[in-house]
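I would like to see how this sequence folds:
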Amino acid sequence: MPSTAPIDPYSLALDELDVSNPRLFQTDEIGPYFARLRHEAPVHWCARSAYGPFWSLTKFADIQTVNANDKFFACSYELGGHVLGYEKMFRQNGVDARMFQSTDAPIHTAQRKAIAPIVARANVREMEDLMRQRCGEILDALPEGETFNWVERVSIEFTTQVLAMLFDFPWAQRQLLTRWSDVAVTEPGFGIVATWEERRAELENCFRVFAELWQERLTRPAASDLLSLMVHAEGTKNLRPEEFLGNLINLIVGGNDTTRNSLTGGALALHRYPEQYAKLRANPRLVESMVPEIIRWQTPISHMARTALEDFRLGEATIHAGDRVALWYLSGNRDADDIDSPEEFIIDRAQPRRHLSFGFGAHHCVGYRLAELQLQVAWEEILKRFRHLEVVGEPQRVCSNIIHGYTALPVRVQRW
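Predicted coordinates:
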């Protein structure tokens, strides 16, 4: 029987390291690989991978540099898109989905402008009361003293409900949003879908459902939900079918997978750092600084990608025009040159928002305020209800190099 023991990344030649392998994220073995690259080859060329050749950037400052240089690095789907494997997942195998995240100015600017109002500070705060009510109902229904899956009962349910509110999506069908989010970011064989045909059929169903809702919103006056904003905004009202599907996937994944995995990551972090949990219980107001620390520590999006438009010198390497570049946010958020004690979870950091999890520059996450508010509301409501949240088993992780997340986290709760 072949050994399943982890491979020591330091036993491999440097040019053999491929940090894009999704299994390394599922087994939580990726950390030492990134650590080696940060120290020995922060701008690293991987000649052979399932996604073709690419450069890996693993240092905080280098990732910021590329994110800030739109003149030299593009997100365009025509050049490869904003993640490794974009062509295979969103332009081949029967799916054509052109996300605004995989465009550059001026298209990106116009489509981002159409979506921005609903996630602006004022609108997000208007949703807080309903969000808090929904979260409270979910938490009140949890069994006390019994083991349950935090991912399913809390993280997925809460973020799916918020996403349904944002889209004004049919409430009874809201679990479809979770399913479509999972399907959109996976390839066959990694536990969600078995074949490319199955994946295509599910995304086509997503398109059909939202196309019907689009037609319905056309008959209504402009409203504040995401779909109505897209229907009536100049930058999005005339989207082609492939752009419509791409933007839906972008918004569903951005509004669902990222926050739900941070909510689970926060529970796991407090379990692993009990002194921080004690500090939080003693001073619940620390939730405000804990939320960005959760987002940094978890880093729910492992990477984004760019394509070089011109030759660009970075450190001791020259990235050539046409080269693909992976920006490993998960590694940058563990860079000790820019973050003190980066492996540790510290809920009262002096600069908690110094992280890469939301990106940087023109493609900075448009919904970051909503993500932070969801986590703040959730932890405030958790602290009101539970004396203790206990993780009672190992987490099960998503097999993905895009979404850094979980499928299960067994917990028990004790109420006040």
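
going forward, measure contacts between C-alpha atoms and count neighbours the same way
Noted.

for the stretch 151-300 of the chain, just list every one of the helices.
Secondary structure of the stretch 151-300 of the chain (DSSP state H, counting those that start in this stretch): helices at 157-167, 175-184, 196-218, 226-232, 241-272, 274-282, 287-298.

worst mean pLDDT among these?
Comparing mean pLDDT across the helices of the stretch 151-300 of the chain, the weakest is helix 226-232, with a mean of 84.

now it - C-alpha only, CSV.
C-alpha atoms of helix 226-232 as CSV (Å, rounded to 0.1, in the frame of the first residue of the first chain):
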residue,chain,number,x,y,z
LEU,A,226,-28.2,43.1,-6.0
LEU,A,227,-30.2,41.8,-8.9
SER,A,228,-32.3,44.9,-9.2
LEU,A,229,-29.2,47.0,-9.2
MET,A,230,-27.7,45.0,-12.0
VAL,A,231,-31.0,45.1,-14.0
HIS,A,232,-31.2,48.9,-13.9
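
list the contacts of the residue nearest to A164 when sequence neighbours are not counted.
Distances taken as CA to CA, 6 or more residues apart in numbering place R174 nearest to A164, at 5.9 Å, with adjacent residues excluded. Applying CA atoms under 8 Å, 6 or more residues apart in numbering to R174 gives the contacts 160-161, 164.

my read is T407 is in a strand, agree?
Yes - counting by DSSP: H, G, I helix; E, B strand; the rest coil, T407 is part of a strand.

in the sheet, who's paired with R415?
F386 (DSSP bridges).

is it true that it touches E381?
No - assessed by CA atoms under 8 Å, R415 is found out of contact with E381, at 11.9 Å.

select the helix or strand of this protein having the lowest average pLDDT value.
helix 121-126 (a mean of 70; mean pLDDT, DSSP states H and E).

next structured bit after that helix?
The helix or strand immediately downstream of helix 121-126 is helix 128-140, counting by DSSP states H and E.

buried set for that next one?
Within helix 128-140, the residues scored as buried using 16 or more other CA atoms under 10 Å are 131-132, 134-136, 139.

by contact count, what packs against the following helix or strand past that helix?
Per DSSP H and E, helix 128-140 leads on to strand 148-149 as the next helix or strand towards the C-terminus. Secondary-structure packing of strand 148-149 (3 or more CA pairs under 8 Å, 6 or more residues apart in numbering; DSSP states H and E): strand 410-415.

spit out the contact partners of the spatially closest residue to W328 that is not a sequence neighbour.
With sequence-adjacent residues excluded and distances taken as CA to CA, 6+ apart, W328 is closest to H303, at 4.4 Å. By CA under 8 Å, 6+ apart, the contact set of H303 is 83, 326-330, 401-402.

wait, doesn't F386 sit right on R415?
Yes - between F386 and R415 there is a contact under CA under 8 Å: 4.1 Å.

quick check: E288 vs Q351, distance?
Using CA to CA, to the nearest Å, E288 is found at 12 Å from Q351.

any low-confidence regions in the stretch 51-200 of the chain?
118-122 (pLDDT under 70).

just curious, which of the contacts of H303 is nearest to I107?
I107 has its nearest neighbour among the contacts of H303 in V83, at 18.2 Å by CA to CA.

from A61, how far out is E310?
Noted for E310: a distance of 20 Å to A61, by CA to CA.

kindly report the same for F54.
In this view, F54 and A61 are 19 Å apart by CA to CA.

repeat for Q351
From Q351 to A61 the distance is 16 Å (CA to CA).

what of V185?
Per CA to CA, V185 is found 27 Å from A61.

those two: which is more packed in?
V185 (18 against 15; other CA atoms under 10 Å).
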